[in-house]
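[1] Kindly generate the corresponding structure for this input.
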Amino acid sequence: MATHGRKYEAAAALREPRTYEPRTAAAKVKEMARAAFDETVDVAVRLGVDPRHADQIVRGTVVLPHGTGKSVRVLVIAQGDKVREAESAGADVVGGRDVIARIQEGWLDFDVVVATPDMMGEVGKLGRVLGPRGLMPNPKSGTVTFDIARVVREVKAGKIEFRVDKTGNVHAPVGKISFSESQLADNLTAFLEAVVRARPAAAKGVYVRNVALSSTMGPSVRLDPNPYR
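    Sure, this is the predicted structure:
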């Protein structure tokens with residue numbers, strides 16, 4: 001059985017055997033953080049869905065009000081006027097077939113890929129590289145679009161994508177330990193509301209079963225799921 005260090009155990013002792021509201025949960029996670037670096041704060045949501053069925057897949061996007069605290073490198077694959085549009089919006093790297101060739105050669109120095117629909121025939125060649133890493137542009141997540149400037153700005157401002165995993169859980173970063181309690185609570189609430197909006201029609205019974213918030217190295221606290229049921 002896995003054991004934790006003294007710092008973790010000391011932090012865990014600060015927890016109370018109850019559920020928390022978003023702001024008090026954020027305050028408790030900040031109180032329990034012990035690492036020497038600015039830890040990421042993550043939320044994990046246990047959903048009442050069976051991801052083995054296509055009509056119970058939960059996925060979506062949300063722009064966190066205060067961002068994730070992480071600098072996101074955005075790659076745009078486009079051509080023509082859309083190249084200049086992407087550059088003006090703040091994309092880190094913009095290109096067409098030249099960028100696709102670099103990726104095929106092993107270059108992966110980016111966090112999000114946005115592509116215009118007219119480039120997807122070429123981008124499709126990258127499925128085996130980008131797909132397993134969760135980087136493949138997808139119309140459902142808004143990363144295949146001609147509205148390049150808006151999407152780039154949203155991603156830079158803190159737009160994240162979420163998708164239920166095979167065990168029925170959804171995970172996402174909602175900020176950093178250096179964020180204030182109110183910033184973390186705002187981001188957490190925005191994310192949970194997005195998950196609720198993404199509820200598939202085929203999901204029956206209790207949808208949001210459990211919600212936990214934690215920092216990278218710290219113990220988790222449980223949130224009251226009732227407001228999201």
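[2] and the gap between Ser215 and Val43?
    According to C-beta to C-beta, to the nearest Å, Ser215 stands 11 Å off from Val43. Quick note: C-beta positions are derived from backbone N, CA and C, even for glycine.
[3] my guess is Lys82 meets Asp147, correct?
    No. Applying C-beta atoms under 8 Å as the test, Lys82 and Asp147 come out as separate, 9.8 Å apart.
[4] For those two, indicate the residue with more neighbours.
    Ranked by neighbour count (other C-beta atoms under 10 Å), Lys82 and Asp147 place Lys82 first, with 23 against 13.
[5] on that earlier part again, neighbour count: Ser215 and Val43, which is higher?
    Per other C-beta under 10 Å, whichever of Ser215 and Val43 has more neighbours is Val43, with 26 against 22.
[6] Tell me, what's the model's pLDDT at the more buried one?
    Note on Val43: pLDDT of 98.
[7] Need the three-state assignment for it.
    strand (DSSP: H, G, I helix; E, B strand; the rest coil).
[8] Which parts of the chain are helices?
    6-12, 22-32, 81-89, 97-104, 120-123, 127-130, 148-157, 181-197 (DSSP state H).
[9] Of the ones you listed, flag the one that's most buried.
    helix 22-32 (a mean of 21; mean count of other C-beta atoms under 10 Å).
[10] Tell me the helices and strands packed up against that helix.
    Here helix 22-32 touches helix 181-197, strand 208-215, strand 221-223, going by 3 or more C-beta pairs under 8 Å, 6 or more residues apart in numbering; DSSP states H and E.
[11] Turn these into TSV, including distance to Val63 and mean pLDDT.
    Listed next are the helices and strands packed on helix 22-32 as TSV, based on distance: least, C-beta to C-beta, whole Å; pLDDT from 0 to 100:
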stretch	distance to Val63	mean pLDDT
helix 181-197	8	97
strand 208-215	19	96
strand 221-223	21	96
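[12] isn't Ala157 right next to Gly67, touching?
    Yes. Ala157 lies in contact with Gly67 (C-beta under 8 Å); the separation is 6.2 Å.
[13] Chain neighbours aside, what residue packs nearest to Glu154?
    Val63 (5.5 Å; C-beta to C-beta, 6 or more residues apart in numbering).
[14] swap that for Ser88, sorry
    Using C-beta to C-beta, 6+ apart and skipping the chain neighbours, the partner closest in space to Ser88 is Ala149 (6.8 Å).
[15] is it true that the one you found touches Ala86?
    Yes. With contacts counted by C-beta under 8 Å, Ala149 reaches Ala86, the gap being 7.2 Å.
[16] so how far is Gly95 from the residue nearest to Glu154?
    For Val63, the distance to Gly95 - C-beta to C-beta - is 26 Å.
[17] Please apply the same query to Ala172.
    In terms of C-beta to C-beta, Ala172 sits 29 Å off from Gly95.
[18] How far does stretch 65-75 sit from its chain's centre?
    Remark: stretch 65-75 is offset 10 Å from the chain centroid, using C-alpha atoms, centre = their mean, to the nearest Å.
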